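Need a 3D model of the sequence below.
(4 chains)
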Number of protein chains: 4
Amino acid sequence: MAGYRTDKDQLLRRLRRVEGQIRGLQRMVDTDTYCIDTLTQVSAATKALQSVALQLLDSHLAHCVHDAIAGGGAEADAKVAEASQAIARLMRA
Amino acid sequence: MAGYRTDKDQLLRRLRRVEGQIRGLQRMVDTDTYCIDTLTQVSAATKALQSVALQLLDSHLAHCVHDAIAGGGAEADAKVAEASQAIARLMRA
Amino acid sequence: MAGYRTDKDQLLRRLRRVEGQIRGLQRMVDTDTYCIDTLTQVSAATKALQSVALQLLDSHLAHCVHDAIAGGGAEADAKVAEASQAIARLMRA
Amino acid sequence: MAGYRTDKDQLLRRLRRVEGQIRGLQRMVDTDTYCIDTLTQVSAATKALQSVALQLLDSHLAHCVHDAIAGGGAEADAKVAEASQAIARLMRA
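Residues are numbered from 1 along each chain as shown, chains lettered A, B, ... in the order given. Predicted structure coming up:
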């Protein structure tokens, strides 16, 4: 069960906004917008994507990891290790 | 004049791929894909977006900044300062 | 109780190595080492510092957050929210 | 010739402050300071290190890269490519 069941609508709205930013970037490149302005938009889209990541991660800790720990057993340790690896991938992205 | 005139096609291809990744993320959230798998895809999209940033920046240095410096004068310093600020925004994104 | 009780020695060794890298950077600047080589060393020190962060975070989830959730109650939610905020600070560093 | 000749003092002051932060981190781990507080300090040190990187990079563009481009020839392209690679390393750190 995915942990983001409660805030699915907000996540989808955010992702649709990121999609709009990426399409905007294509138009900027296509119409030879000044590189620095395009780069500013890339920074904004990256920041928006990281906010999505943080929201997903928070929900995952609050639901999936929480439930695994509350349930006890080896599953709890596996979930914590898996979350740590996901955080490492995000920090190195 | 935008610096990425020579590699516009590659930039547009990369941005269309990022757009596909963002749409894939919407489907993952919509179909309750396991959060960790969704996060892995967010990391991949973020990485792809940073590669676009690096390509834009490299072109900008090689064309716009290069030409401003070769032309001489105060414009050169302004272009270097502007590029540094864009790099700072990208690192803090 | 701090969660890193079990791997304190490894954390201290890593931090001492980062300290050595920072002292090395001072020598590089002091002796006018070529900027790009100095920047490569800054990247290495930043990466080492992020590994320390990931180790701290993993221990924190596996001990402090784990114990709060296993103990139950409002404390559990507070610990998860606090961890999410720390992750957000690391990603924006 | 290193590009940071004009702001060496400021760079050294910043690096000594980072060194102090790393030593502070060792004390925090050694005295079992609460993990989240230690992580906040890691974020601060990482941010300080990135400011050093941005200052080094700005000086490098304004001096070394600038002089190579003003001098003309193949050296200019090599310097721009080298700077782009350093920026990529910093963004992936």
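
so A:A48 sits right up against A:R17, yeah?
Yes. Between A:A48 and A:R17 there is a contact at 6.4 Å, judged by CB atoms under 8 Å. All C-beta spots, glycine's among them, are computed from the backbone N, C-alpha and C.

So for these two, which sits in the more crowded spot?
When neighbours are counted by other CB atoms under 10 Å in any protein chain shown, A:A48 and A:R17 differ, and A:A48 comes out ahead with 19 against 14.

Mind pulling up the pLDDT for that one?
At A:A48, the pLDDT value in this model is 97.

which regions of chain A sit below the pLDDT cut-off?
Along chain A, segments meeting pLDDT under 70 span A:1-6.

What parts of chain A come near chain D?
By the rule CB under 8 Å from any CB of the partner chain, the part of chain A lying against chain D is A:R92.

Spatially central residue for chain A, please.
Closest to where the C-alpha atoms of chain A average out (CA atoms, centre = their mean) is A:A53, at 2.0 Å.

tell me which residues in the longest helix along chain A are buried?
Counting residues, the longest helix found in chain A (DSSP state H) is helix A:35-60. For helix A:35-60, the buried set under the neighbour-count rule, 16 or more other CB atoms under 10 Å in any protein chain shown, comprises A:35-36, A:38-40, A:42-46, A:48-50, A:52-60.

likewise stretch A:21-39?
Applying 16+ other CB under 10 Å to stretch A:21-39 flags A:21-22, A:24-26, A:28-29, A:33, A:35-36, A:38-39 as buried.

Make a markdown table out of these and add distance to A:E82.
Formatted as a markdown table, the buried residues of stretch A:21-39 follow (distance: CB to CB, whole Å):
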| residue | distance to A:E82 |
| --- | --- |
| A:Q21 | 30 |
| A:I22 | 28 |
| A:G24 | 35 |
| A:L25 | 32 |
| A:Q26 | 35 |
| A:M28 | 38 |
| A:V29 | 37 |
| A:T33 | 41 |
| A:C35 | 39 |
| A:I36 | 40 |
| A:T38 | 36 |
| A:L39 | 34 |
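
Pick out the most distant pair among those residues.
Pairwise distances across the buried residues of stretch A:21-39 (CB to CB) peak at 18.4 Å, for the pair A:I22 and A:I36.

now whatever residue of chain A ends up closest to chain D, nearest residue through space, not along the chain?
Nearest residue of chain A to chain D (CB to the nearest CB) works out as A:R92 at 7.0 Å. Distances taken as CB to CB, 6 or more residues apart in numbering or on different chains put D:R92 closest to A:R92, at 7.0 Å, once the chain neighbours are dropped.

How about the contacts made by that neighbour?
D:R92 makes contact with A:92, B:50, C:43 under the criterion CB atoms under 8 Å, 6 or more residues apart in numbering or on different chains.

So which residues on chain A come close to chain C?
Counting by CB under 8 Å from any CB, chain A sits next to chain C at A:50, A:53-54, A:57-58, A:61-62, A:65-66, A:69-70, A:72, A:76-77, A:80-81, A:83-84, A:87-88, A:90-92.

re earlier: tell me what the longest helix of chain A is packed against?
Here helix A:35-60 touches helix A:8-30, helix A:74-92, helix B:35-60, helix B:74-92, helix C:74-92, going by 3 or more CB pairs under 8 Å, 6 or more residues apart in numbering or on different chains; DSSP states H and E.

measure the closest residue to A:V52 other than its chain neighbours to B:A78 for me?
Nearest non-adjacent residue to A:V52, counting by CB to CB, 6+ apart: A:R14, 5.2 Å away. Distance, A:R14 to B:A78, using CB to CB, to the nearest Å: 36 Å.
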